[in-house]
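In: coords please:
(2 chains)
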Number of protein chains: 2
Amino acid sequence: MSILRGCLRGVLAPNASVVFRSRLAPQITSALLCPPRSLSGTPLAERDRKVTEKMSENGTCSRILTLDSMNPCIQKVEYAVRGPIVIRAVELEKELQQGVKKPFTEVIKANIGDAHAMGQKPITFLRQVSAICLYPELMNDNKFPEDVKQKAARILQACGGHSIGAYSASQGIEVIRQDVAKYIERRDGGILSDPNNIYLSTGASDSIVTMLKLLVSGQGKSRTGVMIPIPQYPLYSAALAELDAVQVNYYLDEENCWALDIDELRRSLMEARKHCDPKVLCIINPGNPTGQVQSRKCIEDVIRFAAEENLFLMADEVYQDNVYAKGCAFHSFKKVLFEMGPKYSEKLELASFHSTSKGYMGECGFRGGYMEVINMDPAVKQQLTKLVSVRLCPPVPGQALLDVIVNPPKPGEPSYKQFISEKQAVLSNLAEKARLTEEILNQSPGIRCNPVQGAMYSFPRIHIPEKAVKLAQAEGQAPDMYFCMKLLEETGICVVPGSGFGQREGTHHFRMTILPPTDKLKSLLERLKDFHQKFTEEYS
Amino acid sequence: MSILRGCLRGVLAPNASVVFRSRLAPQITSALLCPPRSLSGTPLAERDRKVTEKMSENGTCSRILTLDSMNPCIQKVEYAVRGPIVIRAVELEKELQQGVKKPFTEVIKANIGDAHAMGQKPITFLRQVSAICLYPELMNDNKFPEDVKQKAARILQACGGHSIGAYSASQGIEVIRQDVAKYIERRDGGILSDPNNIYLSTGASDSIVTMLKLLVSGQGKSRTGVMIPIPQYPLYSAALAELDAVQVNYYLDEENCWALDIDELRRSLMEARKHCDPKVLCIINPGNPTGQVQSRKCIEDVIRFAAEENLFLMADEVYQDNVYAKGCAFHSFKKVLFEMGPKYSEKLELASFHSTSKGYMGECGFRGGYMEVINMDPAVKQQLTKLVSVRLCPPVPGQALLDVIVNPPKPGEPSYKQFISEKQAVLSNLAEKARLTEEILNQSPGIRCNPVQGAMYSFPRIHIPEKAVKLAQAEGQAPDMYFCMKLLEETGICVVPGSGFGQREGTHHFRMTILPPTDKLKSLLERLKDFHQKFTEEYS
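Out: Predicted coordinates for the structure are as follows:
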């Protein structure tokens, strides 16, 4: 039985999403060139490889794994945050090191939310506890405060053989899951959290992909559709491509500060139901790349919508500590859900995600995080636990770090004062940089930047002259990629084109982080302004 | 177009591997119950859920994610090393803590290669460097030797913002990849290794699954087949189930100390070519769960076979430091490949895997590891790099630890003596325990244990009386699962049934680690012997 592979159906079927179609030439070819095995026993696919590849001297096929033979779903995957622009940025850094002359002296990577790489200092308390966990001999070192030692001792007590080098339970160390549950209860004003609903993870990406993996099923018109915001964080589109699910786009309202609009959600869902089975609604709040913070009313509307339409809700809340704008506050989907009463709190299936990489700590390298699942079918939870057990466990140093984050020093404890002042210094500095970014970018006539209410990014809209658009298209490049590449080559500033996150047809954006040190950020923004002006003049 | 999903085809197609068919009732049902959307717009799949599930008071479907609606490939996944037996072991531990009376006072987890959990102490040097990387203030602490500080400084120098909390390059920190390449060159007698062929990973499991992901493609008879040893480490069968690839079994020769037999490889390949496209050959050397160490000649034969038959070779070499038996030595597939000359070294595609979790260090919790790829198509390498970038980067503390492992103290350096003596103490202790395990188990008439030449496990064959076999089957349990469960309940000893790794029809085994402290291991083995005797009498 010769059946086209799922992700090819995604392309060939009339209902395929257009974004994909453009990218798929290679694997369509490969699939069509990939007939079943002949009776002789020689695989035709192999003959095919022989045709399409250079021979080795003995005449047999020279390579088994090629673009033609590899998993076509993987070819569809794109991840702009570390895409071509970043590869070029790294090359430029090397050229600078080798003394190659450039119109700039350093490359500034504003492409990714990597706080420490931008000079943010680690929070002392987090690192002190971690260091003792790794090298318990430091317990006897009187340079470490008592509360640091107690916290480390408690974590080690919960590790196999009292060593951070032992595997943990696949769901995560139980004591740490209990601490996470208590943290969630404090955050949500006492609404109960069950440690058995907490799954520790290798960063948030890990558990987001795991949840999507569980949710994807079906064929043709009953293939799972997953609703994601546009612009989105490209982990979502990448995971959906890999899992061969249908990406269902709903557009955020740029004119309304990137707010989520329920009518647009409904339009998107109705449209999608014509060609797939939309089962999942993904929300990113605070928004990445938009920096928007959802109002409580918006969250209530989303919950009502998801309940009415029978959608599984995935709430990406990794920026919950990153809210800066006056009048904005973070409301967890779980808290709002439970405050809306049993009609919703006993029905809606929700998974919420958090990470050690963002917030005030910015500990990306540890790859720590957790997911909380609400109203999940117990039988499915068993499947989830089984699935995560195949990877044995999340990194234990990251689990330990997460424990300190959800269970920080309390008033009166030796480390409290320093911890709070370090934490507040980071957050107020981020708030200041969010304000600066909006202010300076909006001084430029061709750039329009919504307020950065939260998270770590601005996603300004840029005017690109028709001439540049045509030139870019002639080179088969997205116009904003063309702009960002030129920006990088001429100024050393590395930002990510809006096309990597998704945007309305005909609009152009880029994503930049607000993380560089204040002075560097100011000069970066000024240079960006000047470059855009120069660029506009050059192509007008 | 209504097409059955891949992994269902795997079951329904005549060529489906039998192991799967037995397990799949639920998702076959769900798929056949899962028709396309009706014109009315109400998804039939949803109606279907309404039929198969209890209603909530408002009559709409109560759950979106259920066993019927979830990804059927995930239901197929099994992972015995952390399966039901281990879940029960954890329950028993809790019961003991609560003071419940048992015929034993502690549960001994011999189910998983978790050295630190079994009391093995971390290597001082590794932890000292790691601690400074996490808390650089320790640079000023004169309790740390100079070489420790230099190593930590070098690693931090290579981190973004000199912090282990920054993301690294997705392929891993460049300096560390260079150190890994140098380590491989030393290991392989000077054969060159290119840092660009090194991918750091989140333990070895991560890169093994990533490689399989790239390799899987095709439909029906051109669906990718992956050859794995039986018995195998169940990561392989789990990943293949999840990826919907065809598992192609080749049986290791228990009568010949679990050696790999080329004729059996050929038989398995020819058989598989009737119903799929076998493209990949997986080797585990030293063997898990068998503890067998392959001879150089065997490796040469495998390489010749893979080259003749156009197979991509995956060499799981995570136990390369764990070789104990006289006359046995570890030969890396890469070294042998290159010593066989350009006919092979310029053609064969090879991926080799290593980990920080095993060897003498046993640092499982850090989730560190690397993969080296040889002769990989440059275009595919780009796809691989793109794929790993979606998960951002492997845990940086694990990368740092790996760097110290591949770049240990040299003679004359301050930490050398202690490092070497700690390392050798661990390895000679493991060698002693490997010998003990074989010796004591073979004293029992109903147990036959091959020599534990390497790795961390024995996989003894056990006689199970016909009566017990029948009883187990009546309860729908594998006979060796029945034996292991009884063993656990009566002695507190937790080992994994052979059925979780695969074994020849009608034979029964279990896998146990050799990791418990020597005295505990001795008494464990004696109790195991006694239990088996009692069990045999009871059911004869």
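In: Now do the strands in chain A.
Out: Secondary structure of chain A (DSSP state E): strands located at A:108-109, A:198-201, A:224-230, A:246-251, A:277-284, A:312-316, A:350-355, A:369-374, A:447-448, A:457-458, A:461-462, A:493-494, A:496-497, A:510-513.
In: pLDDT (mean, whole number) over the longest one?
Out: Across strand A:277-284, pLDDT averages out at 97.
In: So what's the gap between it and the chain middle?
Out: Its chain's C-alpha centre and that of strand A:277-284 lie 15 Å apart, by CA atoms, centre = their mean, to the nearest Å.
In: Could you please name the strands it pairs with and the direction of each pair?
Out: Strand A:277-284 has its sheet partners listed here by DSSP bridges as strand A:224-230 (parallel), strand A:312-316 (parallel).
In: before we move on, the earlier item: out of the strands of chain A, nearest to A:F125?
Out: Smallest distance to A:F125 across the strands of chain A (CB to CB): 18.5 Å, for strand A:350-355. Heads up, the C-betas are built off the backbone N, CA and C, glycines and all.
In: what about stretch A:417-430 and chain B, any contact?
Out: No. Stretch A:417-430 stays clear of chain B (CB under 8 Å from any CB of the partner chain), getting no nearer than 12.3 Å.
In: By mean pLDDT, show me the worst of the strands of chain A.
Out: strand A:108-109 (a mean of 92).
In: Which elements pack onto it?
Out: strand A:493-494 (3 or more CB pairs under 8 Å, 6 or more residues apart in numbering or on different chains; DSSP states H and E).
In: Stretch A:343-362 spans what distance, first to last residue?
Out: 37 Å (CA to CA, to the nearest Å).
In: Report whether it contacts chain B.
Out: Yes. Using CB under 8 Å from any CB, stretch A:343-362 comes into contact with chain B via A:K343, A:E346, A:K347, A:E349, A:M361, A:G362.
In: still on that earlier bit, so which of the strands of chain A comes closest to B:G492?
Out: strand A:198-201 (27.4 Å).
In: List the pairing partners of the closest one within its sheet, with orientation.
Out: Strand A:198-201 is paired, per DSSP bridges, with strand A:369-374 (antiparallel).
In: buried sites along the partner strand?
Out: A:G369, A:Y370, A:M371, A:E372, A:V373, A:I374 (16 or more other CB atoms under 10 Å in any protein chain shown).
In: Could you provide those residues in TSV, with additional columns for distance to A:M456?
Out: What follows is those, written out as TSV (distance: CB to CB, whole Å):
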residue	distance to A:M456
A:G369	16
A:Y370	20
A:M371	21
A:E372	22
A:V373	26
A:I374	27
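In: Okay, A:E526 and B:T66: tell me how far apart.
Out: 55 Å (CB to CB, to the nearest Å).
In: Revised request: answer the last question for A:A131.
Out: 45 Å.
In: These two: which is more packed in?
Out: Remark: of A:A131 and B:T66, A:A131 carries more neighbours, 25 against 18, as counted by other CB atoms under 10 Å in any protein chain shown.
In: which residue sits closest to the more buried one in space, ignoring its chain neighbours?
Out: With CB to CB, 6 or more residues apart in numbering or on different chains as the measure, B:Y135 is the residue that lies nearest to A:A131, at 3.6 Å, once sequence neighbours are left out.
In: The residues of stretch A:343-362 next to chain B into TSV, with extra columns for neighbour count and pLDDT?
Out: Listed next are those as TSV, based on neighbours: other CB atoms under 10 Å in any protein chain shown; pLDDT from 0 to 100:
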residue	neighbour count	pLDDT
A:K343	13	94
A:E346	14	93
A:K347	19	92
A:E349	25	97
A:M361	28	97
A:G362	28	97
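In: From those residues, which land in helices?
Out: Counted as lying in helices by DSSP state H, out of those, are A:K343.
In: just the residues of stretch A:343-362 next to chain B now: which is nearest A:T385?
Out: A:E349 (16.6 Å).
In: circling back: wait, the residue nearest to A:A131 sits on A:V129?
Out: No. Counting by CB atoms under 8 Å, B:Y135 does not reach A:V129; the two are 9.4 Å apart.
In: out of these two, which sits in the more crowded spot?
Out: Just comparing B:Y135 and A:V129: by other CB under 10 Å the higher neighbour count belongs to A:V129, 30 against 25.
In: tell me what the longest helix anywhere in chain A is packed against?
Out: Ranked by residue count under DSSP H, the longest helix found in chain A is helix A:416-441. Applying 3+ CB pairs under 8 Å, 6+ apart, we find helix A:416-441 packed against helix A:124-134, strand A:457-458, helix A:518-538.
In: and that helix, how far out from the chain's middle?
Out: On CA atoms, centre = their mean, the centre of helix A:416-441 falls 22 Å from the chain's centre.
In: and if you look at stretch A:154-172?
Out: Worked out by CA atoms, centre = their mean, stretch A:154-172 lies 28 Å from the chain centre.
In: Endpoint to endpoint, that stretch covers what distance?
Out: 15 Å.
In: Sort out which residues of that stretch are buried, please.
Out: Within stretch A:154-172, the residues scored as buried using 16+ other CB under 10 Å are A:155-156, A:158-172.
In: Would you mind checking the average pLDDT for it?
Out: Stretch A:154-172 comes out at a mean pLDDT of 96.
In: do it and chain B meet?
Out: Yes. Looking at stretch A:154-172 against chain B by CB under 8 Å from any CB, the contacts come from A:C159, A:G160, A:G161, A:S163, A:I164, A:G165, A:A166, A:Y167, A:S168, A:A169, A:S170.
In: Please list all residues in contact with A:L350.
Out: A:F312, A:L313, A:M314, A:A315, A:F333, A:K334, A:L337, A:V373, A:I374, A:N375 (CB atoms under 8 Å, 6 or more residues apart in numbering or on different chains).
In: For it, name its beta-bridge partners.
Out: Here A:L350, judged by DSSP bridges, has bridge partners A:L313, A:I374.
In: what do you get for the one 5 residues further on?
Out: With DSSP bridges as the criterion, the beta-bridge partners of A:S355 are A:G369.
In: Can you verify my assumption that it contacts A:M371?
Out: No. Taking CB under 8 Å as the definition, A:S355 is not a contact partner of A:M371, at 10.0 Å.
In: who touches both of these two?
Out: Shared contacts of A:S355 and A:M371, counting by CB under 8 Å, 6+ apart, come down to A:A204.
In: Which stretch among the helices and strands packed on helix A:416-441 is buried most, on average?
Out: Of the helices and strands packed on helix A:416-441, the one with the most neighbours on average (mean count of other CB atoms under 10 Å in any protein chain shown) is strand A:457-458, at a mean of 28.
In: neighbouring strands for that strand, and are they parallel or not?
Out: strand A:510-513 (antiparallel).
In: tell me how far the strand it pairs with is from the chain's mean position?
Out: So, by CA atoms, centre = their mean, the centroid of strand A:510-513 is 14 Å from its chain's centroid.
In: Next: stretch A:476-492.
Out: The answer for stretch A:476-492 is 23 Å, by CA atoms, centre = their mean.
In: Then stretch A:324-333?
Out: For stretch A:324-333, the distance to the chain centre is 20 Å (CA atoms, centre = their mean).
In: Give me the buried stretch members for it, please.
Out: Buried residues in stretch A:324-333 (16+ other CB under 10 Å): A:Y324, A:A325, A:F330, A:H331, A:S332, A:F333.
In: again with stretch A:425-440
Out: A:V426, A:L427, A:N429, A:L430, A:A431, A:K433, A:A434, A:L436, A:T437, A:E438, A:I440.
In: Would you reformat those as a markdown table and include distance to A:E146 and pLDDT?
Out: Below are the buried residues of stretch A:425-440 laid out as a markdown table (distance: CB to CB, whole Å; pLDDT from 0 to 100):
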| residue | distance to A:E146 | pLDDT |
| --- | --- | --- |
| A:V426 | 25 | 97 |
| A:L427 | 27 | 97 |
| A:N429 | 30 | 97 |
| A:L430 | 31 | 97 |
| A:A431 | 33 | 96 |
| A:K433 | 35 | 97 |
| A:A434 | 37 | 96 |
| A:L436 | 40 | 96 |
| A:T437 | 41 | 96 |
| A:E438 | 44 | 96 |
| A:I440 | 46 | 95 |
